[in-house]
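> With the input below, show me the fold.
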Amino acid sequence: MKKHADTLIIGAGVVGQSIALSEALKGKKVKILDRSQKSAGASVRNFGMCWPIGQSAGFFFDIALRSKSIWEDIARHTGMYLDKKGALYIARNKAELDVLEEFVKNSAGKGYKVKMLTPDAAMKISPGLKKDGLLAAMHSKTEIILDPREALELLPVYLKERYSVDFHWETCALHIEGQNVYTSRGETLKADKIYLCNGPDFETLYPDIFMQAGITKCKLQMMRTKKQPGNWRIGPALTSGLTFTNYPAFSECKSINALRKSIEKEYPEYLRWGIQVMASQMADGAITIGKSQEHGWMPEPFDKKHINELILDHLSGFFEAPVMDIAETWHAVYAKSTRGENVLVHPVNDHVTIVNALGGAGMTLAPGLAEKITSGNFRLSNFAFVSGKR
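The predicted model follows:
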């Protein structure tokens, strides 16, 4: 028996559900397939950061701001946790300070809401900061924090109850032919438009495209503390100078090269494991801490204790919460372009489109990106295609 939908989405992570929301808002009949009982991949294993400041000014920064607006609207309807305190970038040496000061100077008129803070001013909004060694901080007001576990639990309920999106959990897509998707439950589902949004798992359905796409897999390790006592809050999300060289927004700063050389000299072990040190806080007070980045086609399934120790050691140099005991550790694997592109949007044919390789920026880009992709009039040159018509 064939069951028809206007739009069929494979993968119920943040990308797939964002496309479902965009299509449902147009009045489309939407179905989503996912192999798990609920969203369990990289979308629920991250900081929950919607992080516009990490995107270069222009197209992708605007996409990130639109995503932020969409998350705020979803939160109003679902009651999900959403923290609007922004982000705090910490400078503890001259190279880091030079990058932040140059970024603030160059950001005028580009939509970033940033300003430099003295150590005392930074500590007023971030009580866990240590003054020793702190030169300054940059406060950005565009960032929001969600709890990804909660968000991906509430979003399917919201989509189903408000827009009648039909979820097919514990259902694998075995084969796609034309408009038909053949599933592990013996069903044949038909749709006018099919979006493949299942991260690196799209290798199974389209191995040739996966091989040609310039995609690798990225494994990250993260952890979460026990709940903080009372109502103790960290303030804005925190990030150290190790992260500056990893964000496109900072790449235009001339001082970034000096910082990169400084990191290479001072933190070679951190570079080896792609370690960036960041922290965000959830509604219950627990603090999420990370992260490492290991690239390769077959990431090891085993976490490395010393990576977590390196992260915590670096964090302890500039921050301390009342409770730093670790309650949980985990890892995630996501698809990432090896060519420096932001996202892979590949039209396989007139019916099937692959949306993938957001490079760990799913919470930041997916909602706004989904609107562009499904609008039918977006500029194809903004996206990376491995083949197909541009």
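
> quick one, what contacts residue 134?
90-92, 119, 122-123, 318 (Cβ atoms under 8 Å, 6 or more residues apart in numbering). Every residue, glycine included, has its C-beta placed from N, CA and C.

> So which of those residues are in helices?
Counted as lying in helices by DSSP state H, out of the contacts of residue 134, are 119, 122-123.

> In three-state terms, label the residue nearest to residue 32 when sequence neighbours are not counted for me.
Nearest non-adjacent residue to residue 32, counting by Cβ to Cβ, 6 or more residues apart in numbering: residue 9, 4.6 Å away. Per DSSP: H, G, I helix; E, B strand; the rest coil, the secondary structure class of residue 9 is strand.

> Could you do residue 158 as well?
Classification of residue 158 using three-state DSSP returns helix.

> and the gap between it and residue 25?
Note on residue 158: its distance to residue 25, by Cβ to Cβ, to the nearest Å, is 12 Å.

> Quick one: low-confidence residue ranges for the stretch 201-350 of the chain.
340-342 (pLDDT under 70).

> Can you list the residue ranges for helices in it?
202-205, 207-212, 256-266, 268-272, 305-316 (DSSP state H, counting those that start in this stretch).

> same check, this time on the stretch 1-150 of the chain
14-25, 59-78, 94-106, 119-125, 148-163.

> now the last one against helix 14-25, angle please.
Just to be clear, that refers to helix 148-163. Orientation of helix 148-163 against helix 14-25 (axes from the mean of the first three to the mean of the last three Cα atoms, to 10 degrees) gives an angle of 20 degrees.

> For helix 148-163, buried residues please.
148-152, 154-156, 158-159, 163 (16 or more other Cβ atoms under 10 Å).

> Mind picking the two most distant members of these?
149 and 163 (22.1 Å; Cβ to Cβ).

> hmm, back to that, ok, the residue nearest to residue 32 to residue 159 distance?
Taking Cβ to Cβ, one finds residue 9 at 11 Å from residue 159.

> can you check residue 357 too?
Residue 357 is 24 Å from residue 159, by Cβ to Cβ.

> can you check residue 206 too?
Counting by Cβ to Cβ - residue 206 and residue 159 are separated by 26 Å.

> can you give me the strands in the stretch 201-350 of the chain?
Taking DSSP state E, counting those that start in this stretch as the criterion, the stretch 201-350 of the chain contains strands spanning 215-225, 237-239, 278-281, 287-290, 294-295, 326-337, 344-347.

> Could you save those strands as TSV and add columns showing mean neighbour count and distance to residue 83?
Compiled in TSV, the strands of the stretch 201-350 of the chain are given as follows (neighbours: other Cβ atoms under 10 Å; distance: least, Cβ to Cβ, whole Å):
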stretch	mean neighbour count	distance to residue 83
strand 215-225	21	15
strand 237-239	27	8
strand 278-281	25	7
strand 287-290	26	12
strand 294-295	15	29
strand 326-337	18	19
strand 344-347	21	30
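
> mind putting these in CSV, distance to residue 251 included?
Below are the strands of the stretch 201-350 of the chain laid out as CSV (distance: least, Cβ to Cβ, whole Å):
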stretch, distance to residue 251
strand 215-225, 19
strand 237-239, 16
strand 278-281, 18
strand 287-290, 22
strand 294-295, 19
strand 326-337, 15
strand 344-347, 20
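
> mind checking which of those is nearest residue 113?
strand 237-239 (14.6 Å).

> Name every strand pairing with the closest one and say which way it goes.
strand 87-91 (parallel), strand 278-281 (antiparallel) (DSSP bridges).

> May I see the ones you listed arranged in JSON lines, with distance to residue 81 as well?
JSON lines is the format used below for these (distance: least, Cβ to Cβ, whole Å):
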{"stretch": "strand 87-91", "distance to residue 81": "17"}
{"stretch": "strand 278-281", "distance to residue 81": "10"}
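
> among those, which is nearest residue 303?
strand 278-281 (17.8 Å).

> how close does the residue nearest to residue 228 when sequence neighbours are not counted get to residue 81?
Excluding the flanking residues, the one nearest residue 228 by Cβ to Cβ, 6+ apart is residue 285, at 3.8 Å. Distance of residue 285 to residue 81, computed by Cβ to Cβ: 11 Å.

> One more: residue 31?
Distance from residue 31 to residue 81, by Cβ to Cβ: 28 Å.

> For those two, indicate the residue with more neighbours.
Neighbours per residue (other Cβ atoms under 10 Å) separate residue 31 from residue 81, with residue 31 holding more: 23 against 18.

> Kindly state the beta-bridge partners for that one.
residue 8, residue 166.

> Return the most buried member of the helices of the stretch 1-150 of the chain.
Highest mean neighbour count of the helices of the stretch 1-150 of the chain: helix 14-25, a mean of 25 (counted as mean count of other Cβ atoms under 10 Å).

> Spit out the contact partners of residue 244.
89, 96, 99-100, 250, 256, 259.

> If anything else comes up later, I'll come back, but that's it for now.
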